[in-house]
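> Generate coordinates for the sequence data below:
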Amino acid sequence: MLSLLSLRKQIDAGSLTPRAAIAHAEAAIAAHEPVVRALVSRLTDPIVPERGPLAGLAVGVKDILDTADLPTQMGSPIYDGWRPRADAAVVARLKRLGAVPLAKTTTTAFAFLDPTETRNPRHPGHTPGGSSAGSAAAVAAGMLPLALGTQTGGSVIRPAAYCGVVGMKPSFGLLPTVGMKCFSWTLDTLGLFTAGVADAAHALALMTGRPGLDLSAADPGTPRIGVVLQDFCAPGEPEALDALARVRAAIETAGARVRDLVLPAVFAEAFGLHGTIQDYEAAQSLDWEYATHRADLGPLLGAHLDAAQAVRPAAYDAALAVADRARRQLPDLFAAYDLDVILTLSAPGPAPEGYASTGDSRFNRLWTLMGVPCVTVPVGSTAAGLPLGVQVIARLGDDARAIQAAHFVETRMRG
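All right, here's what the predicted structure looks like:
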C-alpha cells in the first residue's frame, strides 16, 4: 500500500517530486484497476501543485461527493454523467492543501446496499464491503494513499476491515458534509481510508486544521480499554472473536489495562432504532429520485424506500429521543468504567464470499448513531488469507484519543 507519510517524507527530502508521486499512483491504477474496478472516473492530465502539505498526494473521492472536474454519479444511472458546478467542501479543502483528487471511487447506489462491481484486492471472490467499496479497495490495492468514504451504518469501518486497511470515521460533524449526497442527515459522516493509523491522523489533522489530531513524539501512555461484544445482537464469527482475543492479549502484555464492558439497556434500544431514523430521513432525502425514477433505483434500495414510506413522524421522534438519551449516557459510561476507549469488532467476521452482499453492519450502527470517532485497525488475516480488523471507539470529540489508542493497537499487532 502507499503510505501518504512515506510519500510526503520523500517529497520533503527532495528524492521525489509531487508530479512523480502522482505518476506513481497513475501507474498503480493502470496495473490494478482492470481487476479491482474501484474507480468510476479519473483525471487524465491532472494539475499537480508543487507546494502544500499534501502536494503529491493522489486522493480517491467517493462518488457521492461533488467534484467540479469529474462527474458525480451517486452509483446510479439517474445521475449518469452529471457534473456539479463546485467541489464538495472536503474536496475543496484537500485541493487547498495541495492534494490531487485524482479519481472518483465506486459507491453503492446512493450509498445503500446494492453492490458495486468492485472486487476485494486482498481476496478475489469475496466482497470488499460497502458502501465505500471503491475507496477501501483502491487503498488496499496500492492505487491511492488516501481515499474519502462516508458512513451511515458501517460504510467506512466495515470495508476497511474487509480490505485490510485503516478506516477512520471521525466524530459526527468534524468533516463537513456540504456537497455530499445526503441519505440520513442525523447519521451521514465523512471518513478516511489509509495504509496506516499515522497516515489517517496526519490527513485528518490537516483537513480539519487541528494539529492535535496528528500523532506526535509524545507518548500518551498505555490506554484504558473496555471490550464490548454487544450481547444484544448476534455474536461475531469465531475467526473475528479469535482476532479480538489476540489483540486483547497483545495489548495487555504491552501494559494496557483492559476490562470487559456491558452496555446498559438504553444502548440496545438505540441500536434497534438506528433503522427507524435512517429510513425516515432517507425517504425524504431521496424523495425526488423515488417519485420520478423509482424504476432506476437499485433493487435493494427501491424495496427499502417502499417500506420506508410507512415510517411515521411519531416513531422517528421517539427514536431520536432514545438516541439522545444514549448519547448523553455514553460519557458517564466511559467515566464509570474509567476508560479511554472501547474495543470491539469492526465486522462480524471476514469478508463474506461472493458479491451479492456488502456484509453486515451490526457492529457499526450503534457507534454511528452515537456520533463517536471510530477507527478500524487491521490485525492480520484468517488461515485462508481474508483480512480481519478491530474497531477502536472514543468519546464524541475525542478523536485524538481514538487515534492514539488505534496506533497503540496497530503497533502491538505489527510487533
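> where's the nearest residue to F232 once chain neighbours are set aside relative to R8, distance?
Excluding its sequence neighbours, the residue lying closest to F232 (C-beta to C-beta, 6 or more residues apart in numbering) is A268, at 3.6 Å. All C-beta atoms are positioned from the backbone trio N, CA, C, and that covers glycine. Between A268 and R8 the computed distance is 44 Å (C-beta to C-beta, to the nearest Å).
> out of the two, which sits in the more crowded spot?
More crowded of A268 and R8, by other C-beta atoms under 10 Å: R8, with 22 against 16.
> Where does that one sit, in terms of helix or strand?
Element membership for R8 (DSSP states H and E) is helix 4-13.
> repeat for V390
According to DSSP H and E, V390 maps onto strand 387-393.
> For that strand, enumerate the helices and strands it packs against.
Packing partners of strand 387-393 (3 or more C-beta pairs under 8 Å, 6 or more residues apart in numbering; DSSP states H and E): helix 157-163, helix 238-253, strand 341-345, strand 374-381, helix 399-414.
> Within its sheet, name the partner strands of it and how each one runs.
Note on strand 387-393: by DSSP bridges, its sheet partners are strand 341-345 (antiparallel), strand 374-381 (antiparallel).
> Keeping just the C-alphas, turn that strand into PDB.
This file holds the C-alpha atoms of strand 387-393, laid out as PDB (Å, rounded to 0.1, in the frame of the first residue of the first chain):
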ATOM      1  CA  PRO A 387      -8.200  -9.700   6.400                       C
ATOM      2  CA  LEU A 388      -9.500  -9.100   9.900                       C
ATOM      3  CA  GLY A 389      -9.900  -5.800  11.800                       C
ATOM      4  CA  VAL A 390     -10.900  -4.500  15.200                       C
ATOM      5  CA  GLN A 391     -12.600  -1.200  16.000                       C
ATOM      6  CA  VAL A 392     -11.400   1.400  18.500                       C
ATOM      7  CA  ILE A 393     -14.000   3.900  19.700                       C
END
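> Give me the distance from stretch 319-335 to the chain's centre.
Here stretch 319-335 shows a centroid-to-chain-centroid distance of 23 Å under the convention C-alpha atoms, centre = their mean, to the nearest Å.
> quick one: average pLDDT of that stretch?
For stretch 319-335, mean pLDDT rounds to 98.
> Please enumerate residues in contact with that stretch?
186, 226, 261, 263-264, 266-267, 269-270, 273, 276-277, 280, 339-340, 369-372, 395-396 (C-beta atoms under 8 Å, 6 or more residues apart in numbering).
> Any idea how far stretch 336-353 is from the middle of the chain?
14 Å.
> And it, what's buried?
For stretch 336-353, a neighbour-count test (16 or more other C-beta atoms under 10 Å) marks 339-352 as buried.
> Throw those into JSON lines and include pLDDT and distance to H24, thanks.
JSON lines is the format used below for the buried residues of stretch 336-353 (pLDDT from 0 to 100; distance: C-beta to C-beta, whole Å):
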{"residue": "L339", "pLDDT": "98", "distance to H24": "41"}
{"residue": "D340", "pLDDT": "98", "distance to H24": "37"}
{"residue": "V341", "pLDDT": "98", "distance to H24": "35"}
{"residue": "I342", "pLDDT": "98", "distance to H24": "37"}
{"residue": "L343", "pLDDT": "98", "distance to H24": "35"}
{"residue": "T344", "pLDDT": "98", "distance to H24": "36"}
{"residue": "L345", "pLDDT": "98", "distance to H24": "34"}
{"residue": "S346", "pLDDT": "98", "distance to H24": "29"}
{"residue": "A347", "pLDDT": "98", "distance to H24": "31"}
{"residue": "P348", "pLDDT": "98", "distance to H24": "36"}
{"residue": "G349", "pLDDT": "98", "distance to H24": "34"}
{"residue": "P350", "pLDDT": "98", "distance to H24": "30"}
{"residue": "A351", "pLDDT": "98", "distance to H24": "27"}
{"residue": "P352", "pLDDT": "98", "distance to H24": "33"}
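> Closest to V247 out of those residues?
Minimum distance to V247 across those is 7.1 Å, recorded for L343 (C-beta to C-beta).
> Let me see the contact set for the spatially closest residue to V178 that is not a sequence neighbour.
In space, V178 comes closest to A89 once its chain neighbours are excluded; the distance is 4.1 Å by C-beta to C-beta, 6+ apart. A89 makes contacts with P176, T177, V178, G179, as judged by C-beta under 8 Å, 6+ apart.
> One more: R362?
With C-beta under 8 Å, 6+ apart, R362 has these contacts: Q230, C233, A234, P348.
> Show me which of those are buried.
With burial judged by 16+ other C-beta under 10 Å, the buried subset of the contacts of R362 is Q230, C233, P348.
> Please narrow the contacts of A89 to those residing in helices.
Judged by DSSP state H, these include no members of helices.
> Include pLDDT, neighbour count and distance to K169 when you put those into CSV, please.
Formatted as CSV, these follow (pLDDT from 0 to 100; neighbours: other C-beta atoms under 10 Å; distance: C-beta to C-beta, whole Å):
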residue, pLDDT, neighbour count, distance to K169
P176, 98, 15, 15
T177, 98, 19, 13
V178, 98, 13, 18
G179, 98, 19, 18
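> Quick check: R158 touching N364?
Yes. With contact defined as C-beta atoms under 8 Å, R158 reaches N364; the gap is 5.9 Å.
> which of the two has more neighbours?
Higher neighbour count among R158 and N364: R158, with 34 against 28, using other C-beta under 10 Å.
> Against M207, how distant is the more buried one?
Counting by C-beta to C-beta, the gap from R158 to M207 is 22 Å.
> do F193 as well
13 Å.
> So between these two, which is more surrounded?
Applying other C-beta under 10 Å to F193 and M207 shows that F193 carries more neighbours, namely 34 against 24.
> So the more buried one, which state does it fall into?
strand (DSSP: H, G, I helix; E, B strand; the rest coil).
> mean confidence for stretch 379-394?
The average pLDDT within stretch 379-394 is 98.
> Endpoints of it, how far apart?
19 Å (C-alpha to C-alpha, to the nearest Å).
> Just the buried positions in it, please.
V379, S381, T382, L386, P387, L388, G389, V390, Q391, V392, I393, A394.
> about what we covered before: now tabulate the helices and strands packed on strand 387-393 in CSV and tack on distance to A147.
Converted to CSV, those look like this (distance: least, C-beta to C-beta, whole Å):
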stretch, distance to A147
helix 157-163, 10
helix 238-253, 24
strand 341-345, 23
strand 374-381, 14
helix 399-414, 18
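> Thanks again, I'm all set now.
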